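>>> one predicted model, sequence on top.
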Amino acid sequence: MDERVQKYDSKMTKTLNGFEAELSTIRAGRANPHILDKITVDYYGSPTPLQQVANVTVPEARMIQIQPWESSLIKEIEKAILTSDLGLNPNNDGKIIRLVLPELTEERRKELVKDVKKKGEAAKVAVRNVRRDANDAFKKLTKQDVSEDEVKDLENEVQKLTDKYIKDIEAAVDKKAKEILTV
């Protein structure tokens, strides 16, 4: 691969990885500790990711268990979960916080699939923007003694990359939609 195309490939890879990370935070039927990835807890005055102040496990299919390393953090963790957009009510016994995930309704599943598709479209747009930036940069090369054929080759290479990443995004959307819709 041409080194001039390499940097655009890495930008597209970052877009895909960011999209897949975002998908992992969307709740499907089973309990997934990644839905807590965006939650931060006030730990001695600084916002700290939940995974850095507690042990997060999944003891059952629809339950997440959070065991803080310091019992003084229980109230902070509860507050962070309640103020998040997860819509979950934490139960605590003084040492451990349990999150019981309710069964998703058919309507909620369809909403989640729509949301996943919307995020997929946004990721595709981001990949296409990288392609546009690449093509603009390659067009400027013709002014710098690079042949038009070479520029066409670079543009074709970036188009192939774009097609590949868009196919990967669509596959990730389909996989997540299937996961959400499986009861």
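On my side now, so go ahead.

>>> care to break this structure down by domain?
What the record gives for the chain is the domain set 3-24+105-181, 33-100, from automatic domain parsing.

>>> tell me where the model's unsure across this structure.
By pLDDT under 70, the low-scoring segments of the chain are 27-29, 183.

>>> and the helices in it, which stretches?
3-24, 74-83, 106-141, 148-181 (DSSP state H).

>>> nearest to residue 96 among those helices would be which one?
Taking CB to CB as the criterion, residue 96 comes closest to helix 74-83 out of the helices of the chain, the separation being 8.6 Å. The C-beta positions use only the backbone N, C-alpha and C, and glycine is treated the same way.

>>> what's the closest one packed up against?
For helix 74-83, the contact count by 3 or more CB pairs under 8 Å, 6 or more residues apart in numbering; DSSP states H and E identifies strand 40-43, strand 63-68, strand 90-92, strand 97-100 as packing neighbours.

>>> residues near residue 113, how many?
Counted with other CB atoms under 10 Å, residues neighbouring residue 113 total 18.

>>> now the one 4 residues further on
The tally of other residues near residue 117 (other CB under 10 Å) stands at 15.
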